[in-house]
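> model this:
(chains A, B, C and D)
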2 protein chains.
Amino acid sequence: MSLRHAVLGLLTEGPASGYDLLKVFEVSLANVWPATQSQLYGELGRLADAGLIEVVAEGPRGRKEYGLTDAGLTELRRWLIEVEPESFRRTDMLLRVFFLGVVRPEEARAYLQEQGTVAARAREDLEEIRSAAEKGDLGNTPLAVYGRIALEWGLRFTVMQREWAEWAARQIDQIEEQNSVGASRQDLP
Amino acid sequence: MSLRHAVLGLLTEGPASGYDLLKVFEVSLANVWPATQSQLYGELGRLADAGLIEVVAEGPRGRKEYGLTDAGLTELRRWLIEVEPESFRRTDMLLRVFFLGVVRPEEARAYLQEQGTVAARAREDLEEIRSAAEKGDLGNTPLAVYGRIALEWGLRFTVMQREWAEWAARQIDQIEEQNSVGASRQDLP
DNA sequence: ATCCACATGTAATCTGTTACATGATTAA
DNA sequence: TTAATCATGTAACAGATTACATGTGGAT
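Predicted structure coming up:
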């Protein structure tokens, strides 16, 4: 139930409408906690019912700007400090690795190499975001400091993933070589 | 919809009952694709309806052993080779980082350090699994090779996460120092 | 005048979690 | 005989995705 807390967190920057928040989810938070429009409007309603946010201004086209209440900020702090993050990682990409034995070794190697290039591309995208952020020079505002720390995680993760994929592809080659040597041996009397 | 494919993948090792598979999900696949009992039995029913698996034997207590059909194996291969893995990572842990500015710097640093020790513990658990697997010496069976590759991902990931968390905690200290120097300067006439 | 961006909401469906419910077999 | 393990299933609920539905305001 962390969408709640993502919304509360974004509202610490100041009041915003569902529409505003949606754009933030699409860019800044897209890699960490994606959310759809449906989900967001629903959650805003529930947060308001719970008294964690409130409508602080209304604008054209039914626009409602929500602001954080004291209760909302308290809840956000509680979540940050007291609630243990869940460490589940359901990863599609790794699940496949377990079953790579059912396809031919060339196909398995191709899969791993592809994951390496995907990671490399992701890394490049993050590098661009970093460059853009450095030029903009947001200084030492909290969001800049912690945004930079989150970005660093992404940079390190993509490097790790690329290196791992390349290592894994090489492992398959080695196993293949051993198997052909082994097969030759067994062919001899 | 990858639970489907996890089940198909496990059945490549030979027929198994829902109960058998459940134990595998609890140990071997727990870190990659956890599944609950409810979910599993439901999925087995749907897979059988779809003709991707079939009951190959019945045992005591209503035990039903399912085996992979040709259609099931074909579907598994298709998924492995043709379907792009989803790269979404909804991570609780990183989402919090964005909002660490709303708690005191000591609290933020404590959070990051905690994430570092969590990663270190996870790393130790994986090391133990590795040792156990090496002693058991499964050789070059497909599952051993690819299981080892997946394990390596976990080992590298936990190292990366620990190093990142320690780096991040140091960053906060540095910012804190800069801020106090800045504050002192401004206090002077 | 017309189009695009703004702006909010609901319904259907899927996946997953927790809890409930039931009963058979086997080993001590 | 009794407790643990084996074994399957359903129901209620929460969270997320996709699609549908509607309408306003401002710029050209």
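
> how is chain A partitioned into domains?
Here the domain assignment for chain A is A:3-82, A:92-182, based on automatic domain parsing.

> by mean pLDDT, show me the worst of those domains.
For those, the weakest mean pLDDT is recorded on domain A:92-182, namely a mean of 91.

> would you report the backbone torsion angles of A:V56?
Main-chain torsions, A:V56, degrees, to the nearest 10: phi -110, psi -10.

> bridging residues for the closest residue to it other than its chain neighbours?
Closest residue to A:V56 apart from its sequence neighbours, by Cβ to Cβ, 6 or more residues apart in numbering or on different chains: A:G67 at 3.8 Å. Every residue, glycine included, has its C-beta placed from N, CA and C. Beta bridges link A:G67 to A:E54, judged by DSSP bridges.

> count of neighbours near A:G67?
Using other Cβ atoms under 10 Å in any protein chain shown, A:G67 has 14 other residues around it.

> show the contacting residues for it.
The contact partners of A:G67, by Cβ atoms under 8 Å, 6 or more residues apart in numbering or on different chains, come to A:L11, A:G14, A:P15, A:I53, A:E54, A:V55, A:V56.

> what about the helices in chain A?
Residue ranges of the helices in chain A, as given by DSSP state H, are A:3-11, A:18-26, A:37-49, A:70-82, A:92-98, A:105-136, A:142-187.

> then the fourth one to PDB, C-alphas only?
Coordinates of each C-alpha in helix A:70-82 appear next as PDB, following Å, rounded to 0.1, in the frame of the first residue of the first chain:
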ATOM      1  CA  ASP A  70      -0.600  17.400   9.700                       C
ATOM      2  CA  ALA A  71      -1.900  13.900  10.000                       C
ATOM      3  CA  GLY A  72      -0.600  13.100   6.500                       C
ATOM      4  CA  LEU A  73       2.900  14.400   7.300                       C
ATOM      5  CA  THR A  74       2.900  12.300  10.500                       C
ATOM      6  CA  GLU A  75       1.800   9.200   8.600                       C
ATOM      7  CA  LEU A  76       4.500   9.800   6.000                       C
ATOM      8  CA  ARG A  77       7.200  10.100   8.700                       C
ATOM      9  CA  ARG A  78       5.900   7.000  10.500                       C
ATOM     10  CA  TRP A  79       6.100   5.000   7.300                       C
ATOM     11  CA  LEU A  80       9.600   6.300   6.500                       C
ATOM     12  CA  ILE A  81      11.100   5.400   9.900                       C
ATOM     13  CA  GLU A  82       9.000   2.600  11.400                       C
END
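
> now A:A50: how far from DNA strand D?
Applying Cβ to the nearest atom of the strand, to the nearest Å, the value for A:A50 to DNA strand D is 12 Å.

> so what's that residue closest to, chain neighbours aside?
Excluding the flanking residues, the one nearest A:A50 by Cβ to Cβ, 6+ apart is A:A71, at 8.0 Å.

> show me what from chain A comes close to DNA strand C.
Taking Cβ under 7 Å from any atom of the strand as the criterion, chain A approaches DNA strand C at residues A:17-20, A:37-38, A:41-42, A:44-45, A:59-64, A:88, A:90.

> near DNA strand D, which of those show up?
A:Q37, A:S38, A:P60, A:R61, A:G62.

> circling back: please pick the buried ones from the contacts of A:G67.
Buried by 16 or more other Cβ atoms under 10 Å in any protein chain shown: A:L11, A:P15, A:I53, A:E54, out of the contacts of A:G67.

> neighbours around the closest residue to A:A35 other than its chain neighbours, how many?
Closest residue in space to A:A35, ignoring its immediate chain neighbours: A:F25 at 4.6 Å, by Cβ to Cβ, 6+ apart. Per other Cβ under 10 Å, the neighbour tally for A:F25 reads 22.

> which ones are touching A:F25?
A:A6, A:W33, A:P34, A:A35, A:L40.

> check A:A119 too.
By Cβ under 8 Å, 6+ apart, the residues touching A:A119 are A:T158, A:V159, A:Q161, A:R162, A:A165.

> if we go to 10 Å?
Going by Cβ atoms under 10 Å, 6 or more residues apart in numbering or on different chains, A:A119 touches A:M93, A:F157, A:T158, A:V159, A:M160, A:Q161, A:R162, A:E163, A:W164, A:A165, A:E166, B:S87.

> on that earlier part again, ok, the buried ones among the contacts of A:G67 vs chain B, which is closest?
Nearest to chain B among these, counting by Cβ to the nearest Cβ, is A:L11 at 10.3 Å.

> can you tell me the closest non-neighbouring residue to the closest one?
Among residues not flanking A:L11 along the chain, A:L68 sits closest, at 4.4 Å (Cβ to Cβ, 6+ apart).

> quick one: that neighbour and A:W79, what's the gap?
Relative to A:W79, A:L68 is positioned 13 Å away (Cβ to Cβ, to the nearest Å).

> can you pick out the residue with more neighbours from these two?
Applying other Cβ under 10 Å to A:L68 and A:W79 shows that A:L68 carries more neighbours, namely 25 against 20.

> quick one: that one and A:V55 touch, right?
No. Contact criterion Cβ atoms under 10 Å: A:L68 and A:V55 do not qualify, at 11.9 Å.

> which neighbours do those two have in common?
A:P15.

> just the buried residues from the contacts of A:F25, in PyMOL please.
Selection of buried members from these for PyMOL, criterion 16+ other Cβ under 10 Å:
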select buried, chain A and resi 6+33+35+40
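
> can I get the contacts of A:F25 in CSV including distance to A:A119?
Formatted as CSV, those follow (distance: Cβ to Cβ, whole Å):
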residue, distance to A:A119
A:A6, 25
A:W33, 20
A:P34, 19
A:A35, 24
A:L40, 29
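
> which among the contacts of A:F25 gets closest to chain B?
Chain B has its nearest neighbour among the contacts of A:F25 in A:W33, at 4.9 Å by Cβ to the nearest Cβ.
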